[in-house]
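K.L.:
need a 3D model of the sequence below.
(chains A and B)
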There are 2 protein chains.
Amino acid sequence: MQFKIEKVTKADKRIVEEPIFYMEPDAYSGVRKVADKVREDVKRVVEFLPETTKKREKLGKYPVIYGTIGHSKILEDLHHSGKINLSVVEGKREVFLFQLVEEPYEGISCALVIAGSDKRGSIYGLFHLSECMGVSAFVDWSDVRPTHKDKVILTEKDNYISKEPSVKYRGLFINDEWPAFGNWAKIHFGGFNAKMYEHVFELILRLKGNYLWPAMWTACFSCDGPGLLNAELADEYGIVLGSSHHEPCIRNGEEYSQVRGKDSIYGDAWNFRTNRNGILRFWEDGLKRNGKFENIITLGMRGEQDSKILEEDATLEDNIELLKDVIREQNRLIRKNVCEDLSSTKRVFVLFSEVEAFFYGDEKTKGLIGDQELDGVTLMLGDDNFGNLRGVPTEQMKEHNGGYGLYYHFDFHGGACSYEWMNTIYLPKLWEQLSMAYDYGISDIWVVNVGDICFLEYPISYFFELAYDMEKWGSSKPNMTDYFTKQWIDRQFDSAFNKEDKKSIQEILNGYTRINHNRKPEVMKAFVYHPVNFDESENLLKEAGQIIDQVNELKTRCPKWALPAFYELIYFPAAASMNVQKMQIVAGRNEFYARQNRVEANVLAKEIKWCINEDKRLTKEYHHINDRKWEGMGLSEHIGFMHWNEEGNCYPLVIEIEPANKPRLIVAKSDCSEFTEGFNWTRKTLKIEDFLRPDVDEVRIDLACGSRESVEYEVKSDCSWIIPSNYCGCVDNKEVLRLKIDRSLLKGKELGTVLIQTKTSEAQLEIWAQNTDVLTMDNNTFLERDGYIAMEAAHYYKKHDIDGYCFTLIENYGRTLSAMKVLPPQHDFTNDSERPYLEYHFIADQEKEYTLDLYLAPSNTAYRDHKLTVGIQLNEEEIQMTNAVGEHFCSQDFGCMEWIRGVMENIHIHQSSVLCQCGLNRLRVYAVSPFMVLEKVVLYKKGTTIPTSYLGPRESFYKK
Amino acid sequence: MQFKIEKVTKADKRIVEEPIFYMEPDAYSGVRKVADKVREDVKRVVEFLPETTKKREKLGKYPVIYGTIGHSKILEDLHHSGKINLSVVEGKREVFLFQLVEEPYEGISCALVIAGSDKRGSIYGLFHLSECMGVSAFVDWSDVRPTHKDKVILTEKDNYISKEPSVKYRGLFINDEWPAFGNWAKIHFGGFNAKMYEHVFELILRLKGNYLWPAMWTACFSCDGPGLLNAELADEYGIVLGSSHHEPCIRNGEEYSQVRGKDSIYGDAWNFRTNRNGILRFWEDGLKRNGKFENIITLGMRGEQDSKILEEDATLEDNIELLKDVIREQNRLIRKNVCEDLSSTKRVFVLFSEVEAFFYGDEKTKGLIGDQELDGVTLMLGDDNFGNLRGVPTEQMKEHNGGYGLYYHFDFHGGACSYEWMNTIYLPKLWEQLSMAYDYGISDIWVVNVGDICFLEYPISYFFELAYDMEKWGSSKPNMTDYFTKQWIDRQFDSAFNKEDKKSIQEILNGYTRINHNRKPEVMKAFVYHPVNFDESENLLKEAGQIIDQVNELKTRCPKWALPAFYELIYFPAAASMNVQKMQIVAGRNEFYARQNRVEANVLAKEIKWCINEDKRLTKEYHHINDRKWEGMGLSEHIGFMHWNEEGNCYPLVIEIEPANKPRLIVAKSDCSEFTEGFNWTRKTLKIEDFLRPDVDEVRIDLACGSRESVEYEVKSDCSWIIPSNYCGCVDNKEVLRLKIDRSLLKGKELGTVLIQTKTSEAQLEIWAQNTDVLTMDNNTFLERDGYIAMEAAHYYKKHDIDGYCFTLIENYGRTLSAMKVLPPQHDFTNDSERPYLEYHFIADQEKEYTLDLYLAPSNTAYRDHKLTVGIQLNEEEIQMTNAVGEHFCSQDFGCMEWIRGVMENIHIHQSSVLCQCGLNRLRVYAVSPFMVLEKVVLYKKGTTIPTSYLGPRESFYKK
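P.N.:
You can find the predicted model right below:
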């Protein structure tokens, strides 16, 4: 049995195009419109547009028959005739049957039958056909062109019954839409109207989403269609409309400012106390207007522009009482104007900012929690605007019967810092947070703030994928993000690139998102990464540079027809954001080397300028490609934020030096801040201890010119085990001298000297080396060197799991290597007698107190108990129970530096101390509170410091 | 009676040139040589070279007869004939009679008789004639050309009997002579030989000096002549030879390295223990060689290269014993080889660095003090290398019979910082220190380290002037430096410039030396002066800029014949050093404004580059002028020292910014660090309280462009008493908006608002103003405003003097205005019941503890008691006796930050606290220890700070 999509030239030269789409009068108009989109998809693939017919007899040999149960006679007919069995989908939510039916009627060879359990089930079923043809969900949004085929053939293997989505409402929030999305919409559609939303709705549906919070900075969804067109179109397509957390009763915040006034029936104050009737009238008219559509109605109230509803001096009780009053009235209005039965009206109450406090109350004041007015209302929890959940339902809260929702951010406008320009979302982190939310029962609504949508297509895809199918992607299936990405790339660039290139795209996507996640471009600055210490800027420069090279290379190889999609989905996000990262790193090195008077600084100054121009050039190019399709979309400021927003942002400084008048050679270990010019009076010997690590056989020495004249140098050494890469040369900018050692010549701990001589100077390097007997060491045992022990979490010596709760490796998670987290995540071990732990082994230099830095993901606490407890145990000592967050830690509090540092730096370093013994030590890290994700463990002697860096010291040597 | 110097064409067309110099065979050859120099001077003035004759009958009508008592028959003859009276000079030290004698012999109308009491008396007398003709002491050294005259006529009014010089030995030390002096000597003379020293000796003699420490970095005075020529020439001229503090027995340190060796008779170790005989032999041969000349023989010993003589672990006693041994042996060798009678051999022992400790010993160990081997030896005290005396003889030390000498620095190579390039010597400070030294009995030897001599001609003149005549210039005659300078300028530029121009030169000399003294060019950096606070960099920029303008203006007006001298003495020192100061200030502002993203930074970046090039251009020009006379002399590095010496020095960074993409106007009070861009979300209101001062009627507001586009602005104010200088404009770089107020419209303390609006921003200025009733205030009563009270020392309310010890104003002293010091200086009031005091009145805002900062000259302590006690009394409280130096203060200790800050910043700020009452307060500052010089008094509420600055806050308002 085969269903064919094909254009055939018959022997009689008649051209037959199959399939023909059957259009029932009963079908939802939205479903019919989607069928038209799928027909367009067919055209994209096989280059003809299938016809439609209302007459069953004209369906040809391979028709597509689609419909919605209860709205389709033909489906009923086929069911009754036994050709299909609708009972497998009937009564289900958003499910479809996708089935080939042989000869359903006379003259038909094979029909493709798509039967939706409901409107969205039908739509998803139709788009399933597009998917089967290799059409991307971004076919419309990003102009992803499917591979041209002569024909598409489906067989019984393609028969499919879809599942109910894991999360009921899966949506996105267009937000912070100026200047990018706003200008784009204005230029191309004249505003936030139905012409524009048509594309957004299509995108959501193709991604199997069903929900939207529309743009609301300057827009009113229900007025801008023009008129109700937006809302009507959404309803037609089965897009459920919500509104942001502070926009109750289906009215946008912006609307009030348009209708308020001295003589307005709505009064002139967004104040429920002084203008109760005006506000109620405003809400009621909203419900009257939009109540007929499918909505999730926001309850509650906030002040204007995200402010508090009452003055600063109002008590908690005042606020709670007012809010109760508000919700009671809102429920009353809903019953009156939308549906008498509240339980069949989806309502949501968002626990955001100060509203959270009103929900929970305090010891003295009962909050809204458990209030009967919230009966059946979905409680919306949030992240901290930076992708970290702010809390999960407590045991008590689980009893709430309205379910829980999640408001998550891929984009944010606010403190600690806005990020509205580029994709900074990193899939391993996203998986960790979203799968955990789901495991905690947050599965009623997921809505993600996607800013301008653009550049976020990749994580948006993943978000919808997870929300749709947690069985496939959830916490029981860790480390599937690479698989997802590979699929996603295949989907967008099926035949545009070969396998190698697609691998390269995967590296690009992983690479740039991880880098942007480690530090968002807006708050990337010259000195975020240390210019030299631990080579961290050098490494990042290489990574960013490689991504830029790869993406440029691919651009030259990309077929012209695939360029628009490649540019939008891959090229611009990667090239532009890596250019910003590079610009800032180069700026840091420029200033750092300028202060050493290196001539190199002048070379770097030119590079910064190049990067600044490149940034502008890329934006311009982006605005011009694809017939200016994206004009406006690249307008977000994104460099050098000095405040939480773009106001006063600065490009990096460009610093030039004036070379010294007399010959000068600046000598430094390349990954070290110290330097010397080797002059007679102010000489400083550089001590190099790298070779005390068993795994280091080479160090790099910068020989940098600091003078107008180039400098000739000679390298001399007093011992045979040091092998310089060259013995003389002449430097006018910088050369890197490589010192290798021959370990076979070492006897014990040795000191060698390398002199770097010029006519006027002599820099002295004091080089220590030693062979360590690693044969006797256990695997994964670390050695203290350079004054510290740094261990990646994944390199534990052993681990201990309990009752199905396992410390699990999350690959590529976090800032450096990976992370360890207990999965499934939803257990609090605080009161347990046994707990999972990770055990690390290391050899310390001395018996001494050591500072212990635990590098944790910047998690908030799971509950309002403010506990992120970790258990630490060194050797046979007692377990120290330590709270990894400070007493005053408070997420989303712009005065809480601990939280701000966490989200800005994407790490939370918890410091404690342990008494080490000389020699082998055993450190156990116990899981206690939920939300703990361990990335790295660093120890160093109390009272000492390790060189400044962003990512922490490089990992210590360990036996592999 | 007239003595004429004149060329006359007689009626018979015979040309007669007068005078003719009488050359006696008996005359010292050095004196004869000087007479020849004076004849050259005559030629310079009247354009003919006087003849000389050995025949009395050929002397013509107006002869010059000179000689030295005891070495001149003609003087004896004239004495016996009653024409002159030699008894007025006979037996005196370095004195001369300068007298017109009418018809001493037949045919002579009028003879000028110059009779010296000794060789140098005669020489000074001869050069006195040059002076009378208007010839500068720098006629040879700096090519100062005297004014051409047709004739010079002397009358009886010019008769003159000179005085004995105040200080017996007055000399200079050519030191730190590489790269400048050394290269210059090599290029022009082939080394440090007699050809070169001829000029140095002439300079010393013309300045009425008599003493020299020759260059010794790489030179051996007694070998380089070649051979003994240098020493012989010195002796011929009456130049007494000394050597630096660590070069005993008339041998340069460098000599030893030339003669040492394995087989050398002098051994191969500069070690009195291991190579006693070799060292003694070395010294003895020196004494044998040079003992016949006039020397001041250095005693003692130091290690090589200014190191300690014994190892670090040697005890104090070891060192003292060794030094005693050394001196005993040296005395023995002097008796044996120079003169049996030690008392007639001038010897000196320099209390320098660690030698000082050996001299004084400690509680347990008797030092060299009082040791009989030092009997008759001049003890040389020093400054701290930065012009501050390190101590004066105690009462006990006054009994020492060898007298005291002073080793002072105009140039230094060492820590805290070297200053070898330019004149940084400021006359008021020099006067204060030198006159005090003299008052304390330090009058046997003065030697000043003059580095390369060049550029230091002006303070060198002053130094010799003071040393020669303390009656005229000493501490009983304060504030004469302006008078000296005026005279000095007249002497160098008699007819080259008019009176106005000479006034301008005086401003230039005062100005540039004060600025260089406030911060030496080598350690002037971008952020020494605050870029904006209190306008201090703005003011300095103006001052330096004005000096540069003035000196350039003068250069264009300088007659060609005077240019060489003008360039060397005035132009280059002023232009080059002010350019360096400017370069660094501009660099500070460049970086400061760059970090605000002002487009102005890019203009400043260009200015820095201009200054860097100008520095190079000036040096090149200097090396080329006057037939390359000074080639090599400008080679000293002088910019951005990072260490104590030039090693690793850096030109200032040149920073460029990339203007913002969107219009941006940066608004700031011009003299204040705070700024705002006036954007909606991150707006910061600028609070301006300047108008609370009764003497402020205007503030300046920077309107600085921060964007690619220029920005249009409007100024709006809500009150009538604020008068902006303009109401709108368009800024592409910077405009300064002046806000004036109309005080007649103020009622009480008022708050006005000024808004500076652009299309996208609104900067808000909150302006406070108040009229204060000053009529009821006493004169010199200060008002607290802007959070502080700052009072210049000179603006005391009253002062109290005791028994001839008066708090005396030293005009222009110190960093800002002037200073107050008790004169005469040599009294310690510690144990007195009554003390001089200065009384200050001020009105404080609150009853509160205030921090009291006394800005003192960076004096060391007078004695080894480590006391620089000041008495402080507020209102009726007890007098607080407070030591202005810390417990561990130690001058010349490179580990003592207190001393280092003092000499680097040229101020010593002593902090204490007082409890002020609200309203009028009376503060008395009592003189206690010697050396205390008060420049400024600043008070501010405890726990508060005043904006960072180098010079301290601007003076508060006071009733005048």
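K.L.:
residues contacting the residue in the stretch 1-150 of chain A that chain B sits nearest to?
P.N.:
Closest to chain B within the stretch 1-150 of chain A is A:Ser142: 26.1 Å, counting by C-beta to the nearest C-beta. C-betas here are computed from N, CA, C, even on glycine. A:Ser142 makes contact with A:136, A:457, A:492, A:564-565, A:568-569 under the criterion C-beta atoms under 8 Å, 6 or more residues apart in numbering or on different chains.
K.L.:
find the helix or strand that it is a member of.
P.N.:
Per DSSP states H and E, A:Ser142 falls between elements, in no helix or strand.
K.L.:
pLDDT value on it, please?
P.N.:
Listed pLDDT for A:Ser142 reads 97.
K.L.:
likewise A:Asn175?
P.N.:
Model confidence at A:Asn175 (pLDDT) stands at 96.
K.L.:
what's the closest non-adjacent residue to it?
P.N.:
Nearest residue to A:Asn175 in three dimensions, chain neighbours excluded: A:Asn449, at 4.9 Å (C-beta to C-beta, 6 or more residues apart in numbering or on different chains).
K.L.:
what about that neighbour, distance to A:Leu172?
P.N.:
A:Asn449 is 8 Å from A:Leu172, where distance means C-beta to C-beta, to the nearest Å.
K.L.:
swap in A:Gly30?
P.N.:
The gap separating A:Gly30 from A:Leu172 is 19 Å, by C-beta to C-beta.
K.L.:
same question, A:Glu656
P.N.:
46 Å.
K.L.:
the more surrounded of those two?
P.N.:
A:Leu172 (27 against 19; other C-beta atoms under 10 Å in any protein chain shown).
K.L.:
out of the contacts of A:Ser142, which are inside strands?
P.N.:
Counting by DSSP state E, those place none of their members in strands.
K.L.:
okay, the residues you listed in CSV with neighbour count next?
P.N.:
Below are those laid out as CSV (neighbours: other C-beta atoms under 10 Å in any protein chain shown):
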residue, neighbour count
A:Ser136, 26
A:Glu457, 26
A:Gln492, 28
A:Pro564, 19
A:Ala565, 24
A:Glu568, 25
A:Leu569, 28
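K.L.:
now the strands for the stretch 701-850 of chain A?
P.N.:
For the stretch 701-850 of chain A, the strands defined by DSSP state E, counting those that start in this stretch occupy A:711-717, A:722-724, A:728-731, A:734-741, A:750-757, A:762-769, A:781-783, A:789-792, A:798-800, A:806-811, A:818-823, A:837-844, A:848-856.
K.L.:
ok, which of these comes nearest chain B?
P.N.:
Of all these, strand A:762-769 comes closest under C-beta to the nearest C-beta, at 11.8 Å.
K.L.:
that closest one pairs with which strands, parallel or anti?
P.N.:
strand A:686-691 (parallel), strand A:750-757 (antiparallel) (DSSP bridges).
K.L.:
tell me the average confidence for the last one?
P.N.:
Regarding strand A:750-757, the rounded mean pLDDT is 97.
K.L.:
could you check the angle strand A:734-741 makes with it?
P.N.:
Per axes from the mean of the first three to the mean of the last three C-alpha atoms, to 10 degrees, the angle that strand A:750-757 makes with strand A:734-741 is 150 degrees.
K.L.:
just want the angle from strand A:750-757 to strand A:711-717.
P.N.:
Per the same axes, to 10 degrees, the angle that strand A:750-757 makes with strand A:711-717 is 160 degrees.
K.L.:
what are the buried residues along strand A:750-757?
P.N.:
A:750, A:752, A:754, A:756-757 (16 or more other C-beta atoms under 10 Å in any protein chain shown).
K.L.:
show me which residues of chain A are close to chain B?
P.N.:
Neighbours of chain B within chain A, by C-beta under 8 Å from any C-beta of the partner chain: A:594-595, A:597, A:605, A:609, A:612, A:637, A:643-645, A:647-658, A:660-662, A:664, A:677, A:679-682.
K.L.:
mind running it again at 6 Å?
P.N.:
A:594, A:597, A:612, A:643, A:645, A:647-648, A:650-651, A:653-656, A:658, A:677, A:679, A:681-682 (C-beta under 6 Å from any C-beta of the partner chain).
K.L.:
in helices only, show me the residues you listed.
P.N.:
Of the residues of chain A next to chain B, the ones assigned to helices by DSSP state H are A:594, A:612.
K.L.:
for whichever strand or helix holds the residue nearest to A:Asn175, which residues meet the burial criterion?
P.N.:
Assigned by DSSP H and E, A:Asn449 belongs to strand A:445-451. For strand A:445-451, burial by neighbour count (16+ other C-beta under 10 Å) applies to A:445-451.
K.L.:
pull up the pairing partners for it, direction included.
P.N.:
Partners of strand A:445-451 in the sheet, by DSSP bridges, are strand A:169-174 (parallel), strand A:404-409 (parallel).
K.L.:
who's in contact with that strand?
P.N.:
Residues outside strand A:445-451 that contact it (C-beta atoms under 6 Å, 6 or more residues apart in numbering or on different chains) are A:167, A:169-173, A:175-176, A:213, A:378, A:405-411, A:420, A:456, A:460, A:463, A:467.
K.L.:
follow-up on the earlier one: nearest to A:Asp718, out of the strands paired with strand A:445-451?
P.N.:
The minimum distance between A:Asp718 and the strands paired with strand A:445-451 falls on strand A:404-409, with 59.5 Å, by C-beta to C-beta.
K.L.:
on contacts alone, who are the packing partners of the following helix or strand past that closest one?
P.N.:
Using DSSP H and E, the helix or strand that follows strand A:404-409 in sequence is helix A:427-439. Applying 3 or more C-beta pairs under 6 Å, 6 or more residues apart in numbering or on different chains; DSSP states H and E, one finds that helix A:427-439 contacts helix A:481-493.
K.L.:
from A:Lys364, how far out is A:Trp141?
P.N.:
A:Trp141 sits at a distance of 51 Å from A:Lys364 (criterion: C-beta to C-beta).
K.L.:
scratch that, A:Val348
P.N.:
From A:Val348 to A:Lys364 the distance is 28 Å (C-beta to C-beta).
K.L.:
who's more crowded, the two?
P.N.:
Remark: of A:Val348 and A:Lys364, A:Val348 carries more neighbours, 26 against 8, as counted by other C-beta under 10 Å.
K.L.:
sheet partners, orientation included, of the helix or strand containing the more buried one?
P.N.:
Take DSSP H and E as the rule and A:Val348 turns out to sit in strand A:347-350. In the sheet, strand A:347-350 lines up against strand A:297-298 (parallel), strand A:378-382 (parallel) (DSSP bridges).
K.L.:
starting at the chain centroid, how far to stretch A:64-78?
P.N.:
The chain centroid and the centroid of stretch A:64-78 are separated by 40 Å under C-alpha atoms, centre = their mean, to the nearest Å.
K.L.:
neighbouring contacts of that stretch?
P.N.:
Contact with stretch A:64-78 is made by A:19, A:21-22, A:24, A:26-28, A:35, A:84, A:86, A:90, A:104, A:111-117, A:119, A:122, A:126, as judged by C-beta under 6 Å, 6+ apart.
K.L.:
can you tell me which of those residues are in helices?
P.N.:
Under the assignment DSSP H, the contacts of stretch A:64-78 contribute A:35, A:119, A:122, A:126 to helices.
K.L.:
TSV for these, including pLDDT?
P.N.:
Shown next, in TSV, are those (pLDDT from 0 to 100):
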residue	pLDDT
A:Ala35	98
A:Lys119	97
A:Ser122	98
A:Leu126	98
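K.L.:
kindly reformat the residues you listed as CSV containing neighbour count.
P.N.:
Supplementary listing: those in CSV, determined by neighbours: other C-beta under 10 Å:
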residue, neighbour count
A:Ala35, 24
A:Lys119, 23
A:Ser122, 32
A:Leu126, 28
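K.L.:
residues contacting the residue lying closest to A:Gly60 once chain neighbours are set aside?
P.N.:
Leaving out its chain neighbours, the residue that sits closest to A:Gly60 by C-beta to C-beta, 6+ apart is A:Ile20, at 4.7 Å. Contact partners of A:Ile20, counting by C-beta under 6 Å, 6+ apart, are A:50-51, A:53, A:59-60, A:63.
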